[in-house]
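Q: heads up, no residue letters with this:
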């Protein structure tokens, strides 16, 4: 197959660039021809060279390309003879402005089965939807993890990510019209009261209680309008989790920006680092912490990246993870409804290093078997073959 991968963005610690390079390398290792269009090396005007070209697939991440128009207002992607696969790394509500465009050969890869259902419901012009989490790789170019040195790992507990104070989002909410503000706070209260509730389910409940006819109007547009409710709950949960971990007797290490805005007692703060370098931190950690971005039926790549580098993944559960993993055997789960107890669980396992080491080994084996870039590339090739 001949595949073109677009690398258009350098945000989120360069994670998009990493995902593009890693997927391309895996596809190439399976014998496929991979080309790249990299912003920085080329300009938007250079996209015109693909008009009339033929590929087996075009791939981008959180793409803006479905909005790109030619001089005659037709879609740029409809002028390339290839199915277009947009890999959505967030909830689809954040990408409504791209998803709504009715390209002739539009396909989606998403991270959560609930996201698949959402896209099927509101964007019927999408030709296919593939569900797969993203992943990472072993640090230092190694082929396997040496668990003999596990007890000497430098970091007891580590978390990598940015801190956004909920107050920052409240300031944004208060700039909106009163009706939208009230709706957003209703949604926030619903999701705080029921941590299993997705943003789309919360919007459905809101719509059934409102005089305004959300259901028969442009529902996905309204859901996009309420993105601050989803973002607020994500930030609040991240704050509560780290505050609980800060009560551990073992040292917590935070890698990322703005953590100095959160009042913590014991945590050690480190600067933010490029995405691909987080793998080296996972490889030096006994326990790596994850909190889902409100995913309920998928996973964040941080879980598998941690496991592939021999760290125990500590995370809230999803239907995908609970189907594949067992708490205390190959992963550690905490409950979003009982985050105050996270520090006790973490201290217990760190006080029992042999038990923790066994969990790390089992998690590594499970992730190495099921959640590598080769696994993702093979699944994507199956989807391309079905087009």
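A: Structure received. A quick note: this is a predicted structure, and the numbers were derived from the prediction, not measured.
Q: so what pLDDT did residue 207 get?
A: pLDDT for residue 207: 85.
Q: can you list the buried residues in the host helix or strand of it?
A: Assigned by DSSP states H and E, residue 207 falls within helix 199-209. In terms of neighbour count (16 or more other CB atoms under 10 Å), helix 199-209 has its buried residues at 199, 200, 202, 203, 204, 206, 207. In this view, the C-beta of every residue, glycine as well, is placed from N, C-alpha and C.
Q: same question for stretch 323-340.
A: Across stretch 323-340, burial judged by 16+ other CB under 10 Å covers 325, 330, 331, 332, 333, 334, 336, 339.
Q: now do stretch 57-68
A: Applying 16+ other CB under 10 Å to stretch 57-68 flags 57, 58, 59, 60, 61, 62, 63, 65, 66 as buried.
Q: next secondary structure after the helix holding residue 207?
A: Using DSSP H and E, the helix or strand that follows helix 199-209 in sequence is helix 219-225.
Q: so how far is that next one off the chain centroid?
A: Here the centre of helix 219-225 is set off from its chain's centre by 20 Å, with CA atoms, centre = their mean, to the nearest Å.
Q: who does that helix touch, helix- and strand-wise?
A: Packing partners of helix 219-225 (3 or more CB pairs under 8 Å, 6 or more residues apart in numbering; DSSP states H and E): helix 96-99, helix 199-209.
Q: show the subsequent helix or strand relative to that helix.
A: helix 227-245.
Q: do you know the pLDDT at residue 122?
A: pLDDT, read off for residue 122, is 94.
Q: for it, give its distance to residue 352.
A: Look at residue 122 and residue 352: by CB to CB, to the nearest Å, they are 47 Å apart.
Q: between the two, which one's more packed in?
A: Taking neighbours as other CB atoms under 10 Å, residue 122 and residue 352 compare with residue 122 leading, 19 against 12.
Q: excluding its backbone neighbours, what's nearest the more buried one?
A: residue 220 (4.3 Å; CB to CB, 6 or more residues apart in numbering).
Q: ok, the one you found touching residue 97?
A: No: using CB atoms under 8 Å, residue 220 makes no contact with residue 97, being 10.3 Å away.
Q: settle it for me: which of these two has more neighbours?
A: Set side by side, residue 220 and residue 97 show more neighbours around residue 220, with 20 against 12, by other CB under 10 Å.
Q: now do the contacts for the more buried one.
A: 92, 93, 96, 99, 100, 122, 123 (CB atoms under 8 Å, 6 or more residues apart in numbering).
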